[in-house]
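In: the following block contains a protein sequence and its predicted model.
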Protein chains: 2
Amino acid sequence: MTKGKKSVRQAHDKYVYSFEEGNRGMKELLGGKGANLAEMKNLGINVPPGFTITTLVCDLYYKSGKKITKEVEKQIDDKLKELEKKMKKTLGDGNDPLLVSVRSGAANSMPGMMDTILNLGLNDKSVLGLAKKTNNPRFAWDSYRRLIQMFGGVVMEMEHSDFEHILEKVKDTKGAKYDTDLTVEDLQQVVKEYKIKIKKTKGVEFPQDPKKQLYQSINAVFNSWNNYRAIRYREINNIKGLIGTAVNIQAMVFGNLGETSGTGVCFTRNPATGEAKFYGEYLMNAQGEDVVAGIRTPLPVFSLKKQNPKVYKELTDICNKVEKHYRDMQDMEFTIEEGRLYILQARSGKRTAFAAIRIAVEMVSEKVLSKEEALLRIEPNQLNQLLHKQFNPIALNKAEEIAIGLPASPGAAVGEIVFTAMDAFEKTKKGLDVILVRVETSPEDIDGMHSAKGILTARGGMTSHAAVVARGMGTCCVAGCSDLTINEKAKTLTIKDKGIVLKEGDYISLDGTTGKIYVGKINTEEPTLSGDFGKLMMWADNVRKIGVRTNADTPTDASMAKKFGAEGIGLCRTEHMFFEGNRIKAVREMILANNLESREKALAKLLPYQKNDFIELFRTMKGFPVTVRLLDPPLHEFLPKEKKDIEELSKKMKVPVKTLMEKISDLHEFNPMLGHRGCRLAITFPEIYDMQTTAIIEAAIEVTSKGPKNKRIKKVEPEIMIPLVATTKEFSILKERILNIVETKMKEARLTDKQAKLKIAYKIGTMIEVPRAALVADKIVASGAEFFSFGTNDLTQMGAGLSRDDASKFLKEYVAQDIYKDEPFEVLDQEGIGELIRIAIKKGRGEKKDLKIGICGEHGGEPKTVEFCHKEGFNYVSCSPFRVPIARLAGAQAVIKEKKK
Amino acid sequence: MTKGKKSVRQAHDKYVYSFEEGNRGMKELLGGKGANLAEMKNLGINVPPGFTITTLVCDLYYKSGKKITKEVEKQIDDKLKELEKKMKKTLGDGNDPLLVSVRSGAANSMPGMMDTILNLGLNDKSVLGLAKKTNNPRFAWDSYRRLIQMFGGVVMEMEHSDFEHILEKVKDTKGAKYDTDLTVEDLQQVVKEYKIKIKKTKGVEFPQDPKKQLYQSINAVFNSWNNYRAIRYREINNIKGLIGTAVNIQAMVFGNLGETSGTGVCFTRNPATGEAKFYGEYLMNAQGEDVVAGIRTPLPVFSLKKQNPKVYKELTDICNKVEKHYRDMQDMEFTIEEGRLYILQARSGKRTAFAAIRIAVEMVSEKVLSKEEALLRIEPNQLNQLLHKQFNPIALNKAEEIAIGLPASPGAAVGEIVFTAMDAFEKTKKGLDVILVRVETSPEDIDGMHSAKGILTARGGMTSHAAVVARGMGTCCVAGCSDLTINEKAKTLTIKDKGIVLKEGDYISLDGTTGKIYVGKINTEEPTLSGDFGKLMMWADNVRKIGVRTNADTPTDASMAKKFGAEGIGLCRTEHMFFEGNRIKAVREMILANNLESREKALAKLLPYQKNDFIELFRTMKGFPVTVRLLDPPLHEFLPKEKKDIEELSKKMKVPVKTLMEKISDLHEFNPMLGHRGCRLAITFPEIYDMQTTAIIEAAIEVTSKGPKNKRIKKVEPEIMIPLVATTKEFSILKERILNIVETKMKEARLTDKQAKLKIAYKIGTMIEVPRAALVADKIVASGAEFFSFGTNDLTQMGAGLSRDDASKFLKEYVAQDIYKDEPFEVLDQEGIGELIRIAIKKGRGEKKDLKIGICGEHGGEPKTVEFCHKEGFNYVSCSPFRVPIARLAGAQAVIKEKKK
């Protein structure tokens, strides 16, 4: 028995608590909702009175064979009497009946999983009382109809359709389009038929006795604790150790009892902008549904000041009090029943990222929050919103959603559909906005991807080529949308289930933050970064211990990332540099070369390009370290796949198609992820890394001691990173070669220019991305590795045996069945892959205490992973430019959370 | 300084040892060859006298700037004088000159890596003395020519071609075809021109002073210690800590000094059969080369008994003595110089597997060896030879080798080439022998593979589909022969480099033990298993602690493996059962099913087949455990790939081609090895494993308590194995389902037949083949796993990031560069993948002390891996039937080696 359970059991003689008797610390006993209502009551806020049957009763209920014991029944009856006295109304009364709601509420929130019954207490007699009292017979009969329907479904286990059929039938007969078109007589007809249907189906009458209604409802709530969806919900959310649900019985209040009644919703601050100004809307003589339904236009909440200054003052006082009490912006529902203000709910209000930051920062200046508390108030992933275009929310509401894919790269994009990278490039040149739609993208598509406003793929996961590249560029991308069928030839996109066919030139809109795809154009809004954002980030940087670098391949990406606060480049993927313009030609010559000599000739053509890339990158990042990963992908990625493209290349390069086809077939691999790539290429063709190393070191020499004086930088810190190392020997062989080249070049430079101050603090290290490397990490360090950077994409692929391009097929099911808590390519699997990382760090640092350790997989910008990296003693995380602020905040939160423990 | 080096240094005042002064324990000081010559001398055997300059001198040589110190020189001169005295000949003498050989010899054998000089001591004067003494001027001048050529190359660093050109020119001028056609005068001409060439190229004369010849040769040997190929050899073979090479100076003796001289080779036992009978051949008045050259036919060694009974007796006495001394069959070279017998070399003789076993077993009955020593005498892999057909060695000598691939499955096969499985099947039905030639094989080819005598593939490694299946069936297979280009359409096979094109119907012969491919038919010989083999295996079983099971999918394989001594099935791959006859149809129906109902319908068709498979398997293995792996491969493996086949299937199944194509495209994966297979299939389609579990348990019930009484077996031990588990939850979800089915079925069986004795000792366990599983092994055991079986193929693939179908492209280079000591799919990588295994065992057994642990990857039959498994406490290894004897022997050797330590 857990500690928690014991403390529950100690209160065994008291089973029912009025709201006045509880507080927010009693969640386990009273459930979340019960404890919250009690807390508000204790704050002196007028919530509709009521009481809570504890979770312990639920446990007892099951233990006594689904029965409520006499002792409990007595306590419930007592509390009911108390309630009737407080409300001066009686359950089932023919003149002015008390109505109550019966709601579940466990210690953990399980929204929608268990049952609720409203309007309890209505029967053939009290409905007339309610009609008279409210002077609104339509409302009374509609409430009665709803009670029967809810009770029938939840308590009597009737089919929902049993009631819907009757309602539809009556509406058809009466020519009513909406429920609201039904008259009192119509509703009486419905009630009558509902009751007949119940009797016919279940053989019993709908209970007229309100007490029977109450007890049957309580039982139904307890039963719903163990219905299938509740059990699955607890399984999926790993909710364990609860003994049951509590039941809340609360008086119902009505905002539609005349002109002194009303209902509304308010926020203690503006949830869109964060402005510290009371905000909300209400309707007089109305129910909650009326506010939402949009039939009458609600008034802004400050109008209430004129309409009912007393209630307005009371409301604002309560708002201030509740916000101060909870120290957070509150979202509250209120009802005015005949001039009396009731608060129905108060909870932390949802807000935009922009508002969240403003509220947090202002609450610090208001001395409500400490800086550290403010930092914890922002969900790091929310920052995404701030940095990318968003759809206008009103326009979005009206848009037609046609499919949903993975939210691979945030932002909003609108454009004409194109199906090839070439078309994307050409149309953009003509000034059109395009969305590039592909089954999957490949490195050849890079120009088209750069041109497009957004990218949509039918295949591939969060770390597919499309997703990774798009995030790097900050381009909106929805990936792996399996509902799409793309016919590239016919240039059509089909959404099978919906029978929608779109063709080239049709407009679509992508939401990269939600993964949703809309047909047509939706207006977008530009992101703005506020001063509050800057302030918050500064606080984060002061707290944070872990470094934050960026994955950037171009000076453009790098300078954007620097603006977002990146403290260096953690991953520069050199292969992306190989696709531009003339370079790809030289790369292909290298691949097609049959001997060392012609391979070296082709590489010599690439050298000046590569050198220049690094010169620009070093200049952009001056003062910060730059980790350059030597060539990683398999060579076949640089050759075309389609016959048409091969034929074109054959003409361009004057190489027979047959030769090209043979080469492509030679390079074909069944499992390219486990293939001939990374350092394996360099073991068989060392001249490739030789060229890249030469380019890096010559660039470093250039920027520190040659070139225009005004462009010189004092110091450069290239970190040369060897990818896909699995064995000690791979590392030592390649390190030796690299070292030789670097030292030779530096010696030469010193000889030619004796004044040259070569402040080149270079390091040679490796990615740890093959599980085997983690297991021999000590030996790799012993053979000279100066840093490790965990490539968690590949480490996850190999460690867990998942292909990121294929696994989306079953990973959804895996997450649904809680086999993985989170999608392992989005959130690092700390138990499995994390263990490999822990092993590698222990072994690596055991050999070299100050071994520099980073992460450059896509996980580097994911908040939970950043926390993990902080805990495990990483020196830095590296992520795509747009995730840099997220990582900075997550890094700070990790420190604060650690302190709290 | 290592301990070894110190002991060498202690002898610092003595630098040169005559053979009489050493023994075989002095390898480090005298080198392997020197110590061995000394040992023979000490046995009283007449080896040509000589002395050894120690390895310490080599060290000193380098330390003194490549000079031999005065002190050492003095000792060499003294020993030389001793030698001249012993031989009664003087170096460089004009009448009867002493000739010596100068040979390197380090502590570790480095064959061919360093230099040798023969006939040293010949010059313009002594050549005449040798001519006179031997009465063979041709021999004398040829010896002189050879000395100059060897000396010129090794000592004076001339190009080999410098001498070859001269020799060829003289031969051309004289119209001589072979060297042997040259006359004395021709050879004198050659010598003259050699000397001129040396003077012209190097500016110095070929030294006439024998002392100069000697010292320059000694220096050359020392220099060769650090030549490129010697350094690489030591690197590759991980030879460390040696201080240098020793130099052996030995008098040369000649078997061609007339009719009382001769030379020969002998074995103390027959190296082909092992018979304990003196064996060998010789020639009188001949040199060693003459025996080898085959110009004159050598005589069997027992003819010497008649020809020279005294020498014969002496030789057999020596043989007996040496064999007894070394306690092993010896291969010896001898020379008779003018009636005097010299032994030039004695070493353990190479022998066939058959002979090795006979010799080892007979030496036990002769009380020369203990049983344990006998067991260590057999290289386990040699047993392969015994179990498979071999080519007749004489026929093999004459055969034309056209290419070489990987020796994937041993044996010898001869047949007509066919290019499709269908052709293999059809032609075999007609009684023809065929070799199935494919780019790669797939499960669809299974019938053709069964029919073929041998299988040849152009792609794939030692664990490719072809290799694994062939080994399982015991069919000869050469895999991954990258020299081949196969044109399936044209039905031709091309060997590019050689310009050879073979077509369907042409005969080829495959040697699966060497990987060699020959054109035409070569006679084969059937394997025979001797009683000695049985005896040896019995001894092995008595010593061995680790169990040996087999990987078998059919009763045929299983009963063969039982004959070879398998103690159970460690891996029954159920997917192989899915391809036969009507089953594949049902499998395809299941794959194409769009909902659970039709999937279950298709599976119901498979159930009776599967059940029957297991009934037969259980009966075959009665009393032994049978591990059944539930379905593992991705579903696309069960669908055709070629358009033609898809169209055919479309007709057969009455499913539109388009639907089939869509399904195939849906199932396509970029990295199938990391794909939707193994337990992942069962998480998404649990009904597949439900069917298989039902089949297993119904079969187990049937064989123990139903069915014909005479076929009943007492007890059945099914071990149900879940493949590709990576997470605890996958295991626990599936275990729960399996457990439910098993228990329900057993309860039902008990209810219907109360007398039934259900002795079903079933277990549920998992393969550990995903690295992540090894890291959470404790949790998997905690959730109920009763056994682990390491799937080291996949564990290697994922752990080291190698695709077994692709990696052969670069793994050769990796092994050559010593990045992996052995090909990691052949020999388990104990450092890397072994570490994952150690982690898993530690965690697994930490949770459950008696956790059953096995291995079922292809490594299970590899001797080094068997030793590893023994050391790590495995309960058993499992391998293909033909490797069972190898594993049994290796298991015994592991115990013996462990004891020795």
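Out: Yes, it's here.
In: and the helices in the stretch 301-450 of chain A?
Out: Applying DSSP state H, counting those that start in this stretch to the stretch 301-450 of chain A gives helices spanning A:303-307, A:309-326, A:353-365, A:371-376, A:383-387, A:393-398, A:421-429, A:446-451.
In: can you list the ones you listed in CSV and add mean pLDDT?
Out: Shown next, in CSV, are the helices of the stretch 301-450 of chain A (pLDDT from 0 to 100):
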stretch, mean pLDDT
helix A:303-307, 92
helix A:309-326, 94
helix A:353-365, 93
helix A:371-376, 96
helix A:383-387, 83
helix A:393-398, 78
helix A:421-429, 91
helix A:446-451, 87
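In: wait, residue A:616 touches residue A:553, no?
Out: No - if you go by Cβ atoms under 8 Å, residue A:616 and residue A:553 don't touch, sitting 11.3 Å apart. Bear in mind the C-beta positions are built from the backbone N, C-alpha and C, glycine included.
In: so for these two, which residue has more residues nearby?
Out: residue A:553 (22 against 17; other Cβ atoms under 10 Å in any protein chain shown).
In: mind checking the SS state of that one?
Out: coil (DSSP: H, G, I helix; E, B strand; the rest coil).
In: tell me the spacing between the residue most central in space within chain A and residue B:591.
Out: Ranked by distance to the mean C-alpha position of chain A (Cα atoms, centre = their mean), the top residue is residue A:381 at 6.5 Å. Using Cβ to Cβ, to the nearest Å, one gets 39 Å for the distance from residue A:381 to residue B:591.
In: which residues in the stretch 551-700 of chain A form helices?
Out: Using DSSP H, counting those that start in this stretch, helices in the stretch 551-700 of chain A cover A:555-563, A:583-592, A:596-620, A:643-653, A:657-667, A:679-684, A:687-705.
In: CSV for those helices, including mean pLDDT and distance to chain B?
Out: Listed next are these as CSV, based on pLDDT from 0 to 100; distance: least, Cβ to the nearest Cβ, whole Å:
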stretch, mean pLDDT, distance to chain B
helix A:555-563, 92, 26
helix A:583-592, 92, 14
helix A:596-620, 94, 14
helix A:643-653, 88, 16
helix A:657-667, 89, 9
helix A:679-684, 96, 5
helix A:687-705, 95, 14
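In: report the contact partners of the residue lying closest to residue A:159 once chain neighbours are set aside.
Out: Closest residue to residue A:159 apart from its sequence neighbours, by Cβ to Cβ, 6 or more residues apart in numbering or on different chains: residue A:153 at 7.9 Å. In this structure, residue A:153 makes contact with A:159, A:160, A:163, judged by Cβ atoms under 8 Å, 6 or more residues apart in numbering or on different chains.
In: returning to that earlier point: for residue A:231, find the nearest of the helices of the stretch 551-700 of chain A.
Out: Smallest distance to residue A:231 across those (Cβ to Cβ): 46.0 Å, for helix A:555-563.
In: how far is that closest one from where the chain is centred?
Out: With Cα atoms, centre = their mean, to the nearest Å as the basis, helix A:555-563 stands 25 Å off its chain's centre.
In: may I see the buried residues of that helix?
Out: Residues A:555, A:557, A:558, A:559, A:560, A:561, A:562 are the ones in helix A:555-563 that count as buried (16 or more other Cβ atoms under 10 Å in any protein chain shown).
In: the fifth one reaches residue A:474, doesn't it?
Out: Yes - contact status for residue A:560 versus residue A:474: in contact at 7.1 Å, counting by Cβ under 8 Å.
In: now do the shared contacts for the two.
Out: Common neighbours of residue A:560 and residue A:474 (Cβ under 8 Å, 6+ apart) are residue A:881.
In: if we can go back for a sec, closest to residue A:479 out of the helices of the stretch 551-700 of chain A?
Out: Across the helices of the stretch 551-700 of chain A, closest to residue A:479 is helix A:555-563 (Cβ to Cβ), at 19.5 Å.
In: between the closest one and helix A:596-620, how many degrees?
Out: With axes from the mean of the first three to the mean of the last three Cα atoms, to 10 degrees defining the directions, helix A:555-563 sits at 30 degrees from helix A:596-620.
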